[in-house]
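K.L.:
Here you go, sequence then predicted model.
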Amino acid sequence: MGKSFVLIDVDFFNKEGLFVPQQLGFIEENSKEVSITLAQEDSLSGFDLYKCHYDKEINKRIKIGYDHFINHYYDPTDFELFYNEKLNLAVANAGNDLIRSFCEELNQTKYFKLKILPFDTNDILLRLDSINGLWISKIKEMNLESAGYFGPSVQKSERAQDILNGAGPEVSSFNAYFYSEYFGKDFSILISKKGSVVIHDYLSSTKDYILFITELYDKLLKNSLIK
């Protein structure tokens with residue numbers, strides 16, 4: 001299945017962390033908890049390690065006990081976030097939707113200003129050859145809104161080219177091979193327009209994953225961002 005990471009552009013970051021709602025002064029029973037806590041400075045190659053917690057609110061009426069009903073509940077998630085001040089970059093090991101909500105929550109305070117990096121996947125396609133999976137959206141054809149294509153160098157296939165050269169189609173995500181000079185081999189990855197990267201190959205440590213993500217960002221992704 002692979003390991004998923006979300007890349008975040010950092011405009012402002014409170015390195016001391018934050019605990020919501022206590023730090024904002026409105027803690028109460030059964031309140032939503034959002035926190036980001038410094039665990040280790042310079043933990044991995046210039047990245048500080050933060051332990052994060054996010055309570056996702058689920059608006060669904062449920063029954064607790066015999067006769068007590070509530071209209072919503074919280075789905076808790078703990079994850080790690082790595083922040084590099086020099087690169088203005090953070091990397092989180094959780095799902096895209098959860099990280100987006102987490103960033104929006106922190107941005108409501110005066111302590112953070114974060115944004116998931118939007119990748120220009122159409123541009124990245126022009127800079128990679130070894131693409132074996134391609135998902136295209138916003139296709140303006142009858143009975144076809146999105147489509148997936150597979151095979152070696154699939155972006156060069158006649159059908160994919162016909163769609164990509166039309167008006168409006170977007171590459172929502174793709175599978176490709178990226179050669180890492182640091183590790184000396186190709187890695188199978190998935191890149192999503194929404195700012196997610198999935199590494200299909202196994203790496204032995206979190207440090208190796210972050211090193212790979214940093215190399216991928218520096219050599220490929222940072223020059224293919226949607227402005």
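P.N.:
That came through fine.

K.L.:
contacting residues for Asp78?
P.N.:
The neighbours of Asp78, taking Cβ atoms under 8 Å, 6 or more residues apart in numbering as the test, are 51-53. (C-beta placed from N, C-alpha, C; glycine too.)

K.L.:
pLDDT averaged over stretch 208-219 - what is it?
P.N.:
Across stretch 208-219, pLDDT averages out at 95.

K.L.:
Contacts for that stretch, please.
P.N.:
In contact with stretch 208-219 (Cβ under 8 Å, 6+ apart) are residues 3, 5, 7, 44-45, 47, 82, 84, 87, 89, 91, 93, 178, 180-183, 187, 189, 197, 199, 203.

K.L.:
just to revisit the earlier point, Produce a PyMOL select command limited to the buried residues of the contacts of Asp78.
P.N.:
Restricted to buried positions by 16 or more other Cβ atoms under 10 Å, the PyMOL selection for the contacts of Asp78 reads:
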select buried, resi 52+53
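
K.L.:
mind putting the contacts of Asp78 in a markdown table, secondary structure, pLDDT and distance to Leu114 included?
P.N.:
Output for the contacts of Asp78, formatted as a markdown table (DSSP: H, G, I helix; E, B strand; the rest coil; pLDDT from 0 to 100; distance: Cβ to Cβ, whole Å):
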| residue | secondary structure | pLDDT | distance to Leu114 |
| --- | --- | --- | --- |
| Lys51 | strand | 95 | 16 |
| Cys52 | strand | 95 | 12 |
| His53 | strand | 94 | 16 |
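
K.L.:
The contacts of Asp78 into a markdown table, with extra columns for distance to Asp120?
P.N.:
Listed next are these as a markdown table, based on distance: Cβ to Cβ, whole Å:
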| residue | distance to Asp120 |
| --- | --- |
| Lys51 | 32 |
| Cys52 | 28 |
| His53 | 32 |
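
K.L.:
Looks to me like Gly101 is in a strand.
P.N.:
That one is not Gly; residue 101 is Ser. No. Counting by DSSP: H, G, I helix; E, B strand; the rest coil, one finds Ser101 to be helix, located in no strand.

K.L.:
For the nearest residue to it once chain neighbours are set aside, pull up the helix or strand it's in.
P.N.:
Nearest residue to Ser101 in three dimensions, chain neighbours excluded: Lys56, at 6.5 Å (Cβ to Cβ, 6 or more residues apart in numbering). According to DSSP states H and E, Lys56 maps onto strand 47-58.

K.L.:
hmm, who's touching that strand?
P.N.:
With contact meaning Cβ under 8 Å, 6+ apart, strand 47-58 is reached by 15, 17, 32-43, 72-85, 91-92, 94, 98, 101-102, 105, 210.
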